[in-house]
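Peer 1: quick one, structure for this:
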Amino acid sequence: MPASKLDILFRHQGRRPFLTSEGYLGLGPASVQQGDIVAIIYGAEVPMVFRKASGVKYLLIGEAYVDGIMDGEAMEMDIPLTTFDIG
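Peer 2: Okay, the predicted model is just below:
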């Protein structure tokens, strides 16, 4: 019997499952927190997790697996383009 997506997520030590505000199930760094931002960075192989730092700067928390946006699906969605500073 194949494992469910949730079973697979819970098997990865040092990683934490999360649910985005849009309802996507993901697996990110153990330090991921509510309010963190999942971003698709042009040229990156996987989505990245950021946390608002000071002012307009964001701190890179780490990479993430997000079911439904890993294989270019996000590029086909009507998501606004946003620019921000990484500090």
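
Peer 1: was I right to think I61 contacts V32?
Peer 2: Yes: using Cβ atoms under 8 Å as the test, I61 is close enough to V32 to be in contact (6.3 Å). For glycine as for every other residue, the C-beta is placed from the backbone atoms N, C-alpha and C.

Peer 1: need the overlap of contacts for the two.
Peer 2: V49 (Cβ atoms under 8 Å, 6 or more residues apart in numbering).

Peer 1: now the longest strand seen in the chain: buried residues?
Peer 2: When the chain is parsed with DSSP state E, its longest strand is strand 57-63. Using 16 or more other Cβ atoms under 10 Å as the burial criterion, the residues of strand 57-63 that qualify are Y58, I61, E63.

Peer 1: I41: neighbour count?
Peer 2: Other residues near I41 number 13, with proximity taken as other Cβ atoms under 10 Å.

Peer 1: ditto for the one 10 residues further on
Peer 2: If you count neighbours by other Cβ under 10 Å, R51 ends up with 14.

Peer 1: that older thread, may I see the buried residues of strand 57-63 organised as TSV, with distance to G28 and pLDDT added?
Peer 2: Rendered in TSV, the data for those read as follows (distance: Cβ to Cβ, whole Å; pLDDT from 0 to 100):
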residue	distance to G28	pLDDT
Y58	15	89
I61	7	95
E63	8	93
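
Peer 1: format those residues as TSV; extra columns: distance to K52.
Peer 2: Putting these into TSV (distance: Cβ to Cβ, whole Å) gives the following:
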residue	distance to K52
Y58	6
I61	11
E63	18
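
Peer 1: looking at the residues you listed, which one is closest to M48?
Peer 2: For M48, the closest of those turns out to be E63, at 5.9 Å, with distances computed as Cβ to Cβ.
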